[in-house]
Every structure is written in C-alpha cells, then in structure tokens.
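[1] A structural model of the following input is requested.
(one chain, ligands or ions: 2)
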Amino acid sequence: MASVAKIPVIDISDDTQDQAQVAKELVEAAIEHGFIYIKNTGKDIPVEDVDKAFELARKLFKETPIEEKQACTIQKNNRGWSAMHYETLDPKNQRVGDLKEAFNFGEPSPTSPSILQQPLPPSILGDQPFITHFQSLCYRLSLRLNTLLGIGLGVSPPDFFTSAHLRENGASGTILRLLYYPPASSLSDAATEEDVRAGAHSDYGSMTLLFRLKGQAGLEIQTREGEWVPVPVCPEGTESDPAPPVLVNIGDLLSYWTGGLLRSTVHRVVFPGSGGSNGVEGETAEGERYSMAYFCHPVGTTRLEPVPSERVRKYTEEQQKQGKEVINGEKKMLTADEHLHMRLAASYLKLYEDEKKKWEDLKA
Ligand SMILES: O=C(O)CCC(=O)C(=O)O
Ligand SMILES: [Fe+2]
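    Residues are numbered from 1 along each chain as shown. Ligands and ions are numbered 1, 2, ... in the order given. Got it, this is the predicted structure:
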C-alpha cells in the first residue's frame with residue numbers, strides 16, 4: 001500500500017483554546033508540509049453550505065448546456081469557464097491539457113455585493129446570492145488563518161497578512177473555483193489514464209482552501225524527497241466529523257513573503273493506479289470527481305517583499321549563509337497581480353499568446 005501524506009489536522013474552531021498555541025501549530029505545519037487539514041466542525045463553514053456548493057457545481061457541469069458555459073469563457077481577469085484541456089498546469093511535462101473543467105468566480109464588490117461582476121450561465125444566475133455567501137464564508141476563514149499565521153510567525157504587526165487581504169483595501173485576484181474531473185471512462189482518444197487530471201503545480205495565491213468529497217481519490221503532493229504521495233480526503237481522526245476537513249495549502253505568495261520559510265508545495269491530480277485505488281482506504285479514482293478551491297490573493301498592488309518578522313529574517317539570513325537561493329528569484333520585486341498574471345500566462349497558453357514574451361522576460 002502506498003504511504004499517504006502525514007499532514008497535521010488542526011482545529012481552529014474552538015475559541016477557548018490558546019490561540020498562540022494554535023498559531024504555532026499552524027505555522028509549523030506550513031513550514032514542514034505546506035499543507036494543513038483544518039478540522040471541519042461546521043462552525044466556520046456550515047456543512048449544508050459545502051453540500052449546496054457541490055450541488056451547484058453539479059448543476060453547472062452536468063446540467064448546463066455547453067453554449068451557456070462557452071458564452072462565459074475565461075478571460076484575462078481569470079473569471080469564467082475553462083473547458084477540458086484549456087488549462088495546462090505543467091506544460092513542460094504534459095502531452096495534453098488538464099483533464100478537467102473549471103469555473104472561476106471573482107470576489108463580489110465590497111460595496112455592492114449583489115451586482116454581478118462577470119457573466120454567469122443563465123442556469124445558475126439565481127444562485128448568485130448563495131455564491132456570494134459561500135465566498136464570504138471562505139473569505140472569513142482565510143482571514144482567520146492569515147491572522148494565526150501572522151501571530152505564529154511573530155510578524156509585526158500580527159495582522160499584517162490579514163490587512164493585506166481585506167476586501168475594502170482594494171481589488172485582488174481571489175477566486176472561488178468549482179472543478180469537475182470527468183471519469184476515465186469518458187476520455188476521448190486523445191487522452192488516457194496515464195495523463196494527469198491537473199498537472200503538477202504550486203498555487204499562485206497566498207493560500208488555498210480546498211474542499212473535496214469523501215471517497216474521491218486523486219490529489220497527490222510532492223514530498224521534499226521528490227516522491228508523490230496521496231492526500232486522503234478524510235485523514236485519521238476526522239472520520240466521524242460532520243464533513244471532511246478543509247485542506248489548506250500555502251501558495252507562492254506566502255512563500256515569497258517569508259523568504260521560502262512557509263512552503264508552497266507542488267501538487268497534482270491524477271488517476272492513481274489502473275484499478276482505481278490509490279492506496280487510501282475507502283477512496284477510488286473510478287468515476288467522476290469534484291472539488292472546490294478558494295484561492296486567496298492579497299490586494300493586487302501588494303509588493304511581495306519579506307515581511308517584518310524576526311523568524312523570517314533569521315531564516316533568510318541562514319539560507320544566504322549556506323549559499324542557498326532565497327525564494328523570489330524573479331528579476332524584479334513583483335506585485336501580487338504581476339505574479340498572478342505571470343503564472344496564468346504560463347498555463348493558459350492560447351489566452352496569453354500575445355503576452356508570452358512580456359511575462360517570460362520578468363522571470364529569472
Ligand atoms: O482538485 C483538487 O483536488 C486540487 C486542485 C488544484 O490543485 C488546483 O486547482 O489548484
Ligand atoms: Fe492547486
């Protein structure tokens with residue numbers, strides 16, 4: 001049996017717990033693994049809302065005519081529908097584009113949340129208030145996590161990350177993304193189970209909240225040793241929780257902000273094993289797969305320089321002494337928006353054909 005990722009499960013829902021201790025645990029997991037399970041007790045994100053959001057995904061991907069989705073095709077603002085194969089997360093190693101469909105929702109306007117920010121298929125227009133509500137739940141959870149990371153790292157002031165993410169402080173690249181991975185049995189001749197459902201990548205934002213469904217295998221992370229290991233949907237100790245934990249992963253920006261101390265871990269989605277089992281008890285890769293990701297980004301103009309933290313400063317100094325590269329190897333200090341567009345340009349090859357050179361020139 002394949003070993004599975006040993007990612008800590010942390011409960012942040014209990015306000016009576018020592019916050020400094022919770023913050024410390026969170027930071028240690030972010031340094032060691034770059035992935036953390038946040039126990040879902042239903043307090044931060046009610047289970048009914050998670051269920052409803054997955055139901056919305058089913059309606060969007062299974063009941064909405066393709067023409068309606070095509071009319072909302074993803075644009076350079078990173079909002080809208082991305083068809084099968086349209087995105088290629090790991091172009092160097094993929095024969096075909098990702099075997100998935102996705103729909104990206106941008107953040108609501110902080111002053112007029114009911115005003116539509118992007119075209120939506122008529123089939124889900126009536127769900128807009130719920131989408132806004134679900135985004136707000138994720139937003140609030142992400143702010144709490146940002147605050148805890150600030151406390152745990154001793155950043156001065158501790159709400160440094162949180163303020164950088166406040167909606168009222170400016171527009172950001174934050175996206176709620178619904179994902180649908182069709183079953184292997186439906187693949188056309190161009191792709192096989194050897195191809196990846198989502199190519200190897202690290203996430204572009206500061207952190208991602210990932211929701212998955214019990215029993216649906218496929219997500220793997222790359223360990224420090226370069227080995228691919230599956231990430232169970234329901235790790236030990238969460239089996240009788242009302243819902244699977246929210247899987248949080250550190251993205252590139254928190255890694256940049258901390259000189260690489262927090263780890264933006266590479267991950268992918270595959271069809272593990274031809275028998276449809278990935279070695280995780282109770283999970284299978286047979287059949288379709290759904291997931292939802294809330295990609296948090298700070299305000300777009302935020303500069304990605306190391307944050308004021310003694311721990312980060314010491315770490316960076318140590319790395320430099322050892323002659324190791326300090327993360328953020330781009331030629332110039334980027335803003336959050338520049339980094340996002342550089343990464344999007346590398347995975348939406350067609351959409352960014354005209355800007356390819358501009359973004360490549362920014363890379364080291
Ligand atoms: O579907 C998943 O489990 C992960 C998706 C993912 O890594 C992403 O969309 O960035
Ligand atoms: Fe990802």
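[2] The protein: strands as residue ranges?
    Per DSSP state E, the chain carries strands over the ranges 9-10, 35-38, 80-82, 101-106, 175-181, 198-201, 207-212, 219-222, 228-230, 246-250, 267-269, 289-296.
[3] Redo those strands as CSV? Include mean neighbour count.
    (Each C-beta comes from the backbone N, C-alpha and C, glycine too.) Converted to CSV, those look like this (neighbours: other Cβ atoms under 10 Å):
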stretch, mean neighbour count
strand 9-10, 18
strand 35-38, 23
strand 80-82, 23
strand 101-106, 22
strand 175-181, 22
strand 198-201, 21
strand 207-212, 24
strand 219-222, 22
strand 228-230, 19
strand 246-250, 25
strand 267-269, 22
strand 289-296, 23
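[4] Out of those, which is closest to residue 239?
    Residue 239 sits nearest to strand 9-10 of all the strands of the chain, at 11.2 Å, using Cβ to Cβ.
[5] Spell out which parts of this protein neighbour ligand 1.
    179, 198, 203, 210, 212, 219, 267, 269, 291, 293 (Cβ under 6 Å from any ligand atom).
[6] about what we covered before: and the strands of the chain as a markdown table, adding mean pLDDT?
    Output for the strands of the chain, formatted as a markdown table (pLDDT from 0 to 100):
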| stretch | mean pLDDT |
| --- | --- |
| strand 9-10 | 97 |
| strand 35-38 | 98 |
| strand 80-82 | 96 |
| strand 101-106 | 97 |
| strand 175-181 | 97 |
| strand 198-201 | 94 |
| strand 207-212 | 98 |
| strand 219-222 | 95 |
| strand 228-230 | 93 |
| strand 246-250 | 98 |
| strand 267-269 | 95 |
| strand 289-296 | 98 |
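[7] Would you check which pair of the residues of the chain next to ligand 1 lies furthest apart?
    Pairwise over the residues of the chain next to ligand 1, using Cβ to Cβ, the maximum falls at 203 and 212, 15.1 Å.
[8] Any regions of the stretch 201-350 of the chain where pLDDT drops low?
    For the stretch 201-350 of the chain, the stretches with pLDDT under 70 are 274-278, 327-331.
[9] Let me see the ranges of the helices in it.
    With DSSP state H, counting those that start in this stretch as the criterion, the stretch 201-350 of the chain has helices at 252-257, 310-321, 336-347.
[10] Return the second one as CSV; C-alpha atoms alone will do.
    Going back to what we said before, that points to helix 310-321. C-alpha atoms of helix 310-321 as CSV (Å, rounded to 0.1, in the frame of the first residue of the first chain):
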residue,chain,number,x,y,z
GLU,A,310,12.4,38.1,13.3
ARG,A,311,11.8,34.5,12.4
VAL,A,312,11.7,35.2,8.7
ARG,A,313,14.8,37.5,8.9
LYS,A,314,16.8,34.8,10.7
TYR,A,315,15.7,32.1,8.3
THR,A,316,16.6,34.2,5.3
GLU,A,317,20.0,35.1,6.8
GLU,A,318,20.7,31.4,7.4
GLN,A,319,19.8,30.4,3.9
GLN,A,320,22.1,33.1,2.5
LYS,A,321,24.9,32.0,4.7
